[in-house]
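Participant: Here you go, sequence then predicted model.
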Amino acid sequence: MPTRRTRAAGNQWESTEQRHFRCHVGEINYDVNIGGTQLRFRPLFSDCHLLTEQRGRSRRLTVDERKRQVPAMPVSLLWAVDVYGRVYSLSTAGQVWEQCRDAQMEFKRVTAAQRCCWGIACDNGVYLNVHASDLPVRCQEEAYENQRWNPVDGFSDRLLPSDRWQWSDVTGLQHQPLDGFRLPSVSWEWEGDWHADENLDGEPTEKGGWTYAIDFPATYTKDKKWNSCVRRKRWLRYRRYNVMDSWAKVPLPDPFSDISCGGWEISDEPRGRMSLWAVSLQGKVWFREGIDHHNPEGSSWEEMTLPGEVVQISCGPGDLVWAVLWEGQLIVREGVSRDCPKGTSWAVVDSPSPEVGATHVAVGINVVWALTKDNKVWFRRGVNSHNPCGSGWIGMVGEMLMINIGLNDQVFAVGREDRAVYFRQGVTSSELSGKTWRAVTVPRDGDRSHSKPSADAAPTDPPEARVPKVTSDSFISDLVSDREPATAPWGAAVPEEDLVLGEEEVRAPCAGAAISSSQSGGLGQWSNVDLEEAQGQRDQAGAPDQYGADQHPLWAWVSGGGCSVDSTCHVSRRRGLPHSGASLTCIPVLWTQSVWVKKGTMQWWRDWRPHKWTDVHFALEQFSGPEGDKDGILFIYYNFNEEKKVGFMSPLQGSSDVPVRLARCLYRMMEARLFNESPLLLFTFRLLLALLSDACCSSRGIQGPPSKQAVWSVTCKGDIFVSEPSPGLEAVPYPTPCDQMFWRQVGGHLRLVESNSVGVVWGIGYDHTAWVHTGGDGGGFSQGLASSTDNIYTQVDVKSVYIYENQRWNPVTGYTNRGLPTDRYMWSDASGLHECTKTNMKPPSAQWTWVSDWAIDYGVSGGTDRDGWQYAADFPASYHGYKTLKDFVRRRRWSRKSKLTTTGPWQEIPPISLIDVSLLPCAAPSGVDVVPLWAISNKGDVLCRLGVTALTPAGSSWLHVGTDQPFKSVSVGGASQVWAIAKDGSAFYRGSVSPQSPAGDCWYHIPSPARQKLKQVSVGRTSVFAVDENGNLWYRQGVTPSYPQGSSWEHISNNVRKVSAGPLDQVWIIADKVQGSLSLSCGTVCHRLGVQPVEPKGQSWDYGIGGGWDHITVRGNSTEPPRARLPSLTAPAPPAPPAARSAEVNGSAGEC
């Protein structure tokens, strides 16, 4: 027995018939707005694993072939206890129950994991059985010897009173002499004596193993220096767990009556950690601390507070923990997470049947099954790790004594009448309740029936599984079973959405609908007839029974926590358990089975307070069954206030009409305002996102490339989005709220985009390359769709990544990287809050690749010295490029270039690099043939593009416009008004610009607002708005056709990043620090309300979805709003539409 279990648990064979593929998916941030719910795919995608098994021929394998094939399959164990207290295990590759003969006592129950099994014996003690493996269970103990130098003795153990202990832990706070270490239990043994660790961070130290430092605590080095005043030595000793494949007793605070292990699949849980919950005879619940690979028996017990006395408890592989109270109610542990595996509180759930209390509960990853005192089986709907309480109970068929959930949410149970072990067939991620019960009729080792029959024995049919007596059936049985009843009062298929039961709406099993054996597809499945009578009729018909009455094993307990069963493989009615592949016991035919799993994170916009982007985790899973049918599922969950919130799960079955099914799921998702969709087999996230966006556009009747009136926006990651404006977007006084705008993504990668209503769209990349829109649709994430291949070109963008080297001056060594404890990191970002070194700094995402090495950047604002340093009095302060006597800190910026290659409907405009561009906002309809286009080069030169028309949007040539200083922003508005911002923050107006003189004749200097430096300007039809370097928005007063320079600046708002004035004088901004929630949102789209000819600066702000937006242009939206009709004096006044939200009047956009 120990030899077999060692082989089953320890040896891992890699099948030569399995091929593993791994691919990486790009990490551009994708933003999608679905029914007002904004989703962003963040740049954190894990690897995609594809497992494919080759197809075998439809024939029965020979004995030699089966023997060769068994080791290639993953092997796990199902544990059970019979009514005599004997413990057995059944391997998924075996044919018999094998008894644990090393047990010296009788057991009541067991709970298993893949590496070990816990049990409660008849003495109410807890015992642990760890499976032997090739890797021993070892634990490292360490202690530190500390010494200080003094002029008399040198280094000695004479420490200062304020120093740490002479023998301590790594922190120095705990006294740990070498003779104070003890073995946790008799199951451990020392491997050797204490020895000094002569390595420091992988490098050898001096012979004694000492490391040196200036003082306690500090950074230790292997080299002794002149100022090394202290030293320490690390001592190591290893202990080994020596009780393998046998039962070892674990100390207890009280006698226990129930036990359950799990928790190894909690999100981000360290590998090897496990949770163990137990119930004492007094009804108390205890939690075992410190169980992991290096300490399988744990360290201590901790008592949990309870709302009542508990009789039984169940812990799933994830974070589900349920228990049963003496009164028959159930309690659920909430707040279970990686940081708090014990949870925080209990929630009470009523019994499935109000008249009959619950006696037993079993939980898995996303399922909860329960038994009541009348042995009825119940299934809990809506359970997952984010909603552990579920939503309602569903009555299932069968009468069971106990039930247990294994891996993959597979279900095992012990029948009430025959005491047989049953397996729930058909449990999948999309059908968690399964289809039917199957008896596991495997003999025990030593049974007479398992011996080889004699040569003259007549051949007999395999024994059929016995099933418990059932007199009624429930609707869920018919829903998930394979049979097709011809006549039944509920025979019609019912959509699963119509079967959701609330907490108080529990539907009792249907009764009275008898189905014949021919209708039910055989007596092996549940039906509404008395199966004991049917069994007796079959026995009278001559069906032999190989087992005698005294040879059937009578089971008391079963545990499948360590049994890995493939849900797509059916159970043999002869014997054995299913597992992923053919075995000696069940499946004579091989089939192809493919599994595709992908995990990662993304961001989800919360449209309730606090409005912000929330990090959510998701897992996409797709698999194909034996008949080639495909199934997929998407899981989404997130954390809020350190608590997991409800995740969403949606299955997608079938593969013939994928777009239709996807669209249907999207409609359901949009109605619920949730992201809730499934992937397709082998589809990458780009194609999934393309289908998602295409289905959302189709549901809104949006097709093809963006219209000429489209509103364009760019995120801080360079992703491009467009929104088709509705006629009421600029309506007065009730415009369409901008948070109801639908944004769809356009392929490509840019820093800013500018457009006008003629259909000319220009963009500038991070490398200052100019691009013009080709009129196509697609590229980027949507490449591969048949409708997105025209006018798509390769686009390359280059972006510089910056880090800062910081130093502080001291009188001894001058400037050095040894700062004060309160200083910033010596290698950091611009803020100094995050450590960024040359080695750990990564490109912006996986789609970006480094194209240069780190180099000193001399182009920093404020100037540098010849070595690239900037000086200041302290961190942070105003830096300058020269050293003074008061400068005690300095910094130097390093840059490294990264490149991204994508595709999109953009064509490059060489050869001049640009930093800003502006097109004339034309009214609709427009009689403009040649579109005025102005730009600023990366050197600060002002340029005018000639020959730009709707047919030739790229234009023909550049015309240089002379200036006396570099410029950084330009905007052309109605009546060919051209405004620009110089590098020093002052504004300029270009005079005499006309179609006959497109470059004008001279610049007029416009004073900036007092003590402010402008950075961006936008000119509408008649209005001029500007943003300064402090985020203030200014409106230019007094602008008239006779005096276009205006008279003065009026402050409108603050916390503004970008502004865009359109052809209707509409004003849109990108605002930072938006209030109105518990947090501040940066990069929010805001719309100025109340803009009218009599009040061109508007009245208040309406804000849309916030977070991550960096640029917006509405200069193409010339759609006139519908005119408001005056109310009739005789007809009743219609109700006014709801006003758009406004929380600020001529105040801060950040206070929307």
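Facilitator: Thanks, I have the structure now.
Participant: Next up, the contacts around Met400.
Facilitator: Leu371, Asn375, Val377, Ala413, Val414, Gly415, Arg416, Tyr422, Pro468 (Cβ atoms under 8 Å, 6 or more residues apart in numbering). In this view, the C-beta of every residue, glycine as well, is placed from N, C-alpha and C.
Participant: And the contacts of stretch 352-361?
Facilitator: By Cβ under 8 Å, 6+ apart, the residues outside stretch 352-361 that reach it are 311-314, 322-324, 327-330, 351, 368-374, 376, 378, 393, 395, 402-403, 506.
Participant: From Tyr84, how far off is Arg419?
Facilitator: Distance, Arg419 to Tyr84, using Cβ to Cβ, to the nearest Å: 12 Å.
Participant: who's more crowded, these two?
Facilitator: Using other Cβ atoms under 10 Å, the more surrounded residue of Arg419 and Tyr84 is Arg419, with 16 against 10.
Participant: circling back: give the PyMOL command for selecting the buried subset of the contacts of stretch 352-361.
Facilitator: Burial among these is assessed by 16 or more other Cβ atoms under 10 Å; the matching PyMOL selection reads:
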select buried, resi 311+312+313+314+322+323+324+328+329+330+351+368+369+370+371+372+376+378+393+395+402+403+506
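Participant: Return the subset of the contacts of stretch 352-361 lying in strands.
Facilitator: Among the contacts of stretch 352-361, DSSP state E puts 311-314, 322-324, 330, 368-372, 376, 378, 393, 395, 402-403 in strands.
Participant: Just list whatever residues bridge to Arg808.
Facilitator: Thr816, Val889 (DSSP bridges).
Participant: Thought Thr816 was touching it, still the case?
Facilitator: Yes - the pair Arg808 / Thr816 is scored as a contact, 7.0 Å apart, by Cβ atoms under 8 Å.
Participant: Of those two, which one has the most company?
Facilitator: Neighbours per residue (other Cβ under 10 Å) separate Arg808 from Thr816, with Arg808 holding more: 19 against 12.
Participant: Report the separation between that one and Arg237.
Facilitator: Here Arg808 is placed at a distance of 42 Å from Arg237 (Cβ to Cβ).
Participant: what sits against the residue lying closest to Ser1018 once chain neighbours are set aside?
Facilitator: Nearest residue to Ser1018 in three dimensions, chain neighbours excluded: Ala1061, at 4.4 Å (Cβ to Cβ, 6 or more residues apart in numbering). By Cβ under 8 Å, 6+ apart, Ala1061 lies in contact with Pro921, Ser971, Gly973, Ser1018, Val1019, Gly1020, Ser1023, Val1024, Phe1025, Val1067, Val1114, Arg1115.
Participant: which SS class is the first one?
Facilitator: When classified by DSSP: H, G, I helix; E, B strand; the rest coil, Pro921 comes out as coil.
Participant: show me the contacts for it.
Facilitator: Residues in contact with Pro921, defined by Cβ under 8 Å, 6+ apart, are Asn756, Ser757, Gly973, Gly974, Gly1020, Arg1021, Ala1061, Gly1062, Pro1063, Arg1115, Gly1116, Ser1118.
Participant: What is the burial count for Phe888?
Facilitator: For Phe888, the count of nearby residues is 16 (other Cβ under 10 Å).
Participant: For it, list the residues it contacts.
Facilitator: If you count contacts by Cβ under 8 Å, 6+ apart, then Phe888 has Arg808, Trp809, Ala873, Asp874 around it.
Participant: Scan the residues you listed and report the most crowded one.
Facilitator: Arg808 (19 neighbours).
Participant: Would you check how far apart it and Val889 are?
Facilitator: In terms of Cβ to Cβ, Arg808 sits 5 Å off from Val889.
Participant: show me where pLDDT drops low in the stretch 601-750 of the chain?
Facilitator: Within the stretch 601-750 of the chain, the stretches with pLDDT under 70 are 601-614, 618-692, 695-696, 699.
Participant: how about 50 then?
Facilitator: For the stretch 601-750 of the chain, the stretches flagged by pLDDT under 50 are 646, 651-684.
Participant: Would you list the buried entries among the contacts of Ala1061?
Facilitator: Buried subset of those (neighbour count, 16+ other Cβ under 10 Å): Pro921, Ser971, Gly973, Ser1018, Val1019, Gly1020, Ser1023, Val1024, Phe1025, Val1067, Val1114, Arg1115.
Participant: Quickly check these for the two that are furthest apart.
Facilitator: Using Cβ to Cβ, the buried ones among the contacts of Ala1061 span at most 15.4 Å, a distance reached by Val1024 and Val1114.
Participant: Now pLDDT and distance to Ala770 too, for the contacts of Pro921, in a markdown table please.
Facilitator: Shown next, in a markdown table, are the contacts of Pro921 (pLDDT from 0 to 100; distance: Cβ to Cβ, whole Å):
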| residue | pLDDT | distance to Ala770 |
| --- | --- | --- |
| Asn756 | 90 | 16 |
| Ser757 | 88 | 21 |
| Gly973 | 90 | 21 |
| Gly974 | 86 | 24 |
| Gly1020 | 92 | 23 |
| Arg1021 | 90 | 26 |
| Ala1061 | 93 | 22 |
| Gly1062 | 91 | 22 |
| Pro1063 | 91 | 23 |
| Arg1115 | 92 | 17 |
| Gly1116 | 90 | 18 |
| Ser1118 | 86 | 24 |
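Participant: Among the residues you listed, which lie within strands?
Facilitator: Going by DSSP E, the strands hold Ala1061 from the contacts of Pro921.
Participant: mind checking which helix or strand Val397 is in?
Facilitator: Take DSSP states H and E as the rule and Val397 turns out to sit in strand 392-405.
Participant: Strand partners (parallel or antiparallel) of that strand?
Facilitator: Counting by DSSP bridges, strand 392-405 is paired with strand 376-381 (antiparallel), strand 411-415 (antiparallel).
Participant: now these in a markdown table, with mean pLDDT?
Facilitator: Formatted as a markdown table, these follow (pLDDT from 0 to 100):
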| stretch | mean pLDDT |
| --- | --- |
| strand 376-381 | 91 |
| strand 411-415 | 93 |
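Participant: which of those sits most buried?
Facilitator: Greatest average neighbour count among the strands paired with strand 392-405 goes to strand 411-415 (a mean of 25), per mean count of other Cβ atoms under 10 Å.
Participant: need the next SSE after that strand, C-terminal direction.
Facilitator: Following strand 411-415 in sequence, per DSSP H and E, is strand 421-425.
Participant: other SSEs contacting the helix or strand immediately after that following strand in the chain?
Facilitator: The helix or strand immediately downstream of strand 421-425 is strand 436-439, counting by DSSP H and E. The contact analysis (3 or more Cβ pairs under 8 Å, 6 or more residues apart in numbering; DSSP states H and E) places strand 436-439 against strand 421-425.
Participant: now the strand it packs on and strand 368-372, what's the angle there?
Facilitator: Angle of strand 421-425 versus strand 368-372, following axes from the mean of the first three to the mean of the last three Cα atoms, to 10 degrees, is 130 degrees.
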